[in-house]
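J.: what would the 3D arrangement of this be:
(one chain, ligands or ions: 1)
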Amino acid sequence: MKLSLKELSTLTLNPDTLRLAVQKVQMDGFVLFESVIPRDRIEIIRTAFLQKLEEHRARASSNRGTNRYQMHLPFEEPFIDPYIIEHPLAMQVLEAILGSNCHCYYFASDTALPGSDYQSVHSDTHLLYPDTTLSLPAYNIVVNIPLIDVRLEHGPVEIWPGGTHLMPGNLDLKALAPEMNSELVTMPAGSVVIRDMRMWHRGTPNRSNEIRPHLALIYARAWFRPIDYATIKITGATYDTLSERAKRLFRYERIV
Ligand SMILES: O=C(O)CCC(=O)C(=O)O
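T.: Purely as a prediction, here's the structure:
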């Protein structure tokens, strides 16, 4: 979505833009704000990330298909930059959809390495009522932040916008997805993608020589509790440094 210079410099959406962004997520399943995190911050985070990924790869094999890693992030600097955990633009949209008492329960990353392949089309969450054809409002929203400029050769995420987040649970994704419109999400580093977690998507092959990391955070309505997700471990000393809003966002995690 195109933002005005004023919105970009103040990181505040005007009421019409906010309404449109919320409706875009509700109807299309996602909204993208391009280049809304300064390059120098992204560079610092990318350097630290690549180091963590290297350590991780030394002890774990790829867990999301060939040459593709999901990796949790440590809850520490430079990853817990406010631009990442509580980006002002993202928070306006998230709070408008999930409520101002929403929380964050997932702090991780998805990385397509050179040589990664297509994933199966999937949704990242279970439906609340899979046995019905009810279309419910969003209850889980993923925020993805690319740490490089993602072009076609880097294996951008392919998404199926336009309503797949509202579909009932008894559909044959594999057969249906090729018949439906999809989009490859190319975008500059430091963009923010806000997507309904139910939306159909998949990773695509990274045909470049560059590692393509996306940070991935999940925000939920106050009442939602994830099943089978490890809680985020946050030291008391780190928790104390967070803003009041960030403390609220991570209030259900493990403060040790
Ligand atoms: O980062 C990507 O390209 C997609 C990853 C993904 O959807 C997953 O692993 O569930």
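J.: mind listing what's buried in the helix ranked longest in the chain?
T.: If you go by DSSP state H, the chain has its longest helix at helix 39-59. Within helix 39-59, the residues scored as buried using 16 or more other Cβ atoms under 10 Å are 42, 45, 46, 48, 49, 52, 53. C-betas here are computed from N, CA, C, even on glycine.
J.: for the closest residue to the ligand within the stretch 151-256 of the chain, give me the pLDDT.
T.: Nearest residue of the stretch 151-256 of the chain to the ligand, counting by Cβ to the nearest ligand atom: residue 203, 3.1 Å away. Each residue has a pLDDT score; the one for residue 203 is 98.
J.: phi and psi next, for it.
T.: As for residue 203, its main-chain torsions (degrees, to the nearest 10) stand at phi -80, psi 150.
J.: is it in contact with residue 111, as I believe?
T.: No: at 9.6 Å, residue 203 does not count as touching residue 111 under the criterion of Cβ atoms under 8 Å.
J.: so what sits against both of those two?
T.: residue 68 (Cβ atoms under 8 Å, 6 or more residues apart in numbering).
J.: neighbour count for the two, which is higher?
T.: Using other Cβ atoms under 10 Å as the criterion, residue 203 and residue 111 rank with residue 111 on top: 26 against 23.
J.: please identify which helix or strand holds the more buried one.
T.: Taking DSSP states H and E as the definition, residue 111 sits inside strand 103-112.
J.: contacting residues around the residue in the stretch 1-150 of the chain that the ligand sits nearest to?
T.: Here the stretch 1-150 of the chain gets closest to the ligand at one residue, residue 110, 3.3 Å apart by Cβ to the nearest ligand atom. Contact partners of residue 110, counting by Cβ under 8 Å, 6+ apart, are 64, 68, 69, 70, 144, 203, 213, 214, 216.
J.: which residue sits closest to it, ignoring its sequence neighbours?
T.: Nearest residue to residue 110, sequence neighbours excluded (Cβ to Cβ, 6 or more residues apart in numbering): residue 214, at 4.9 Å.
J.: counting contacts, what elements does the strand or helix carrying that neighbour pack onto?
T.: Per DSSP H and E, residue 214 falls inside strand 212-220. In terms of contacts (3 or more Cβ pairs under 8 Å, 6 or more residues apart in numbering; DSSP states H and E), strand 212-220 is packed against helix 39-59, helix 82-85, helix 88-98, strand 103-112, strand 140-146.
J.: who's in contact with the following helix or strand past that strand?
T.: Later in the chain than strand 212-220, the nearest helix or strand by DSSP H and E is strand 233-234. Residues from elsewhere that reach strand 233-234 (Cβ under 8 Å, 6+ apart): 75, 250, 253, 254, 255, 256.
J.: kindly report the same for stretch 121-132.
T.: By Cβ under 8 Å, 6+ apart, the surrounding residues in contact with stretch 121-132 are 136, 139-140, 142, 160, 164-165, 168-170, 173-174, 177, 197-202, 227.
J.: likewise stretch 15-34?
T.: Contacts with stretch 15-34, where a contact means Cβ under 8 Å, 6+ apart, come from 1, 3-4, 7, 13, 89-90, 92-93, 96-97, 137-138, 141, 159-166, 185, 187-188, 191-196, 198-199.
J.: no further questions, thank you.
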